[in-house]
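> Have a look at this fold, sequence not included:
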């Protein structure tokens, strides 16, 4: 049985992943590092404890993660001051479906709580989640399973009764590693053969997820 659904945020609920990738590249390039789109794709949802060594391996030990990340956040703030956040297709419909069936919903994100609350409030869905779980609440974020194990604990459920919705490889690895019923809703990349082995199902959009839940719960 699926007794709770845990949502990733960027790229899953919000159409922000494309912006984060763009601004990571721009910020790194401004600092003199030859980051390309594929490098930024690889750090989606990746906790800084893993992102820092990955980026230093690419661009040298002097890679200034803090400076690049700060600039990326600045670029994001500037963009959002002029442009509204976009909710992904099917998000409201899925939340309505869960509410009607009294299935709790949670968010499990690499973004800090303040920005998570701000973003979800802007699109009018913050109050619709029972729990908000951020990477800052655990020692190791994605792709380690800690954040999903923590989220399941906060929901009072074993991970295998929680469906996790993820768009990125690092998120999928985290959710599957925790033992959640992992559904991938691809955003910027499709699952490869390795990832296919970890997911319970692939959904074209959040509109498809209610049907997957019904197929599990009967």
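Ah, there it is. Just so it is clear, the structure is predicted and the values come from calculations on it, not from any experiment. Residues are numbered from 1 along each chain as shown.
> Determine how far the lengthiest helix in the chain lies from the middle of the whole chain.
Across the chain, the helix with the greatest residue count (assigned by DSSP state H) is helix 65-82. With C-alpha atoms, centre = their mean, to the nearest Å as the basis, helix 65-82 stands 18 Å off its chain's centre.
> how does this structure divide into domains?
Domain ranges of the chain: 4-15+87-217, 17-82, per automatic domain parsing.
> which of the residues in the longest helix of the chain are buried?
65, 68, 69, 71, 72, 75, 76 (16 or more other C-beta atoms under 10 Å). C-beta: built from backbone N, CA, C; applies to glycine.
> next structured bit after that helix?
Once helix 65-82 ends, the next helix or strand along the chain (criterion: DSSP states H and E) is helix 91-100.
> Remind me what that following helix packs against, helices and strands.
In terms of contacts (3 or more C-beta pairs under 8 Å, 6 or more residues apart in numbering; DSSP states H and E), helix 91-100 is packed against helix 209-217.
> and the closest residue to residue 17 other than its chain neighbours, what is it in contact with?
With C-beta to C-beta, 6 or more residues apart in numbering as the criterion, residue 17 has its nearest non-adjacent residue at 3.1 Å, and that residue is residue 11. Each residue near residue 11 by C-beta atoms under 8 Å, 6 or more residues apart in numbering is listed here: 17, 18, 44, 88, 167, 168, 187, 188.
> same check, this time on residue 162
Residues near residue 162 by C-beta under 8 Å, 6+ apart: 2, 3, 4, 5, 6, 148, 151, 152, 155, 180, 181.
> Can you report phi and psi for it?
phi -110, psi 130 (degrees, to the nearest 10).
> any idea how far residue 187 is from it?
21 Å (C-beta to C-beta, to the nearest Å).
> Could you do residue 116 as well?
Distance of residue 116 to residue 187, given as C-beta to C-beta: 17 Å.
> next one: residue 152
24 Å.
> what about the two, which has more around it?
Between residue 152 and residue 187, residue 152 has the larger neighbour count (other C-beta atoms under 10 Å), namely 26 against 20.
> list the helices and strands the longest helix of the chain packs on?
Identification of packing neighbours for helix 65-82 by 3+ C-beta pairs under 8 Å, 6+ apart yields helix 17-30, helix 48-59.
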